[in-house]
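**Student:** Next come a sequence and a model predicted from it.
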Amino acid sequence: MATYKKRGYKPANKEEQQLDENLHSTTAEVFNTLDAGASKTEQWVQRNQKAIIGVITALAVVGLGYLLYRQFVLEPKEVEASNEMFVAQQYFDAAVNSTDDKESLFNLALEGADGKYGLLEIIEEYKGTKAANLAQYSAGMAYINLGKYQEAISHLEKFSSDDAVLGALAKGNIGDAFAQLKQPEEALEYYVKAFNHNKNDFTTPMYLLKAGITALELKQYDKALGYFEQIKEQHENSEEGRTIDIYIGKAENMK
């Protein structure tokens, strides 16, 4: 415990005098060490001043460059890409709603027409934009409708979205494409990703059911039963939930 020493204090004996001298000596050494450390730091800064300034300047240039790129390149590019996407998406929507001319309309959506970009050109010319990302999804869906499942998988796998429904649909449609290619293991993998993407009463029971049916095909009966029971317990009021007892009974009989 430290003690307060009055002004003019003198050690009572030699032992206390020696202790006091040791204390002063230790304190001096500490300050000398700190001074030496500070001096070395100053010397290092002086020696490397140009490099330090260079790094700071480089960081400032990178930051400024990104801001300028975003303002003068990326944002105008987003607007331009969205304008191009409007026409391609119109062809896509017309194909979805058409009853007799789907194939040609989906091809127009993919390839473009009348000097306007199609989905494939938007993906290539406007990489990194939101429009190009959405074009990946639309292109994937167009290829599914055209029966070109490998191309569909390629585009849908490149699509990224945190949206509760659209993100799940992208994964689920990859599962559908693998199912059409007679690859049930891969289909099941993506159905699981689809129903786990977001818990809701639309996509979750839909892909739980597809996962269960695919698991039955793979003779994974316990897994299939688990998917079906999850629909009954958590999504009983969904469209899939209305007939889920039939699938539960089928899975139980096949075990």
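**Tutor:** All right, it came through fine.
**Student:** can we go C-alpha only for contacts and neighbour counts from here?
**Tutor:** Fine.
**Student:** wait, doesn't residue 122 sit right on residue 83?
**Tutor:** No. Because the distance of 10.3 Å does not satisfy C-alpha atoms under 8 Å, residue 122 is recorded as not touching residue 83.
**Student:** Of the two, which one has the most company?
**Tutor:** residue 122 (26 against 14; other C-alpha atoms under 10 Å).
**Student:** For the more buried one, what is the enclosing helix or strand?
**Tutor:** Assigned by DSSP states H and E, residue 122 belongs to helix 119-125.
**Student:** what does that helix contact?
**Tutor:** Residues outside helix 119-125 that contact it (C-alpha atoms under 8 Å, 6 or more residues apart in numbering) are 81, 84-85, 88-89, 109-112, 131-133, 135-136, 138-139.
**Student:** swap the cut-off to 6 Å and go again
**Tutor:** 110, 132, 135 (C-alpha atoms under 6 Å, 6 or more residues apart in numbering).
**Student:** Enumerate every residue touching the second one.
**Tutor:** In this structure, residue 132 makes contact with 122-123, 126, judged by C-alpha under 6 Å, 6+ apart.
**Student:** how does it look with 8 Å?
**Tutor:** 81, 119, 122-124, 126.
**Student:** which residue ranges form the helices in the stretch 51-200 of the chain?
**Tutor:** 75-97, 102-111, 119-125, 130-145, 149-158, 166-180, 184-197 (DSSP state H, counting those that start in this stretch).
**Student:** sorry, back to before: give me the mean pLDDT for the helix holding residue 122.
**Tutor:** Averaged across helix 119-125, pLDDT comes to 96.
**Student:** same question, stretch 164-178
**Tutor:** 96.
**Student:** Would you mind pulling the contact partners of that stretch?
**Tutor:** 137, 141, 144, 149-150, 152-153, 156-157, 159-161, 184, 186-191, 193-195, 197-198, 203, 207.
**Student:** same deal with stretch 223-230?
**Tutor:** 208-209, 211-216, 244, 247-248, 251-252.
**Student:** Could you do stretch 193-206 as well?
**Tutor:** 164-165, 167-172, 207-208, 231, 235, 238, 240-241.
**Student:** one step back: any of the contacts of residue 132 buried? List them.
**Tutor:** Buried members of the contacts of residue 132, scored by 16 or more other C-alpha atoms under 10 Å, are 81, 119, 122-123, 126.
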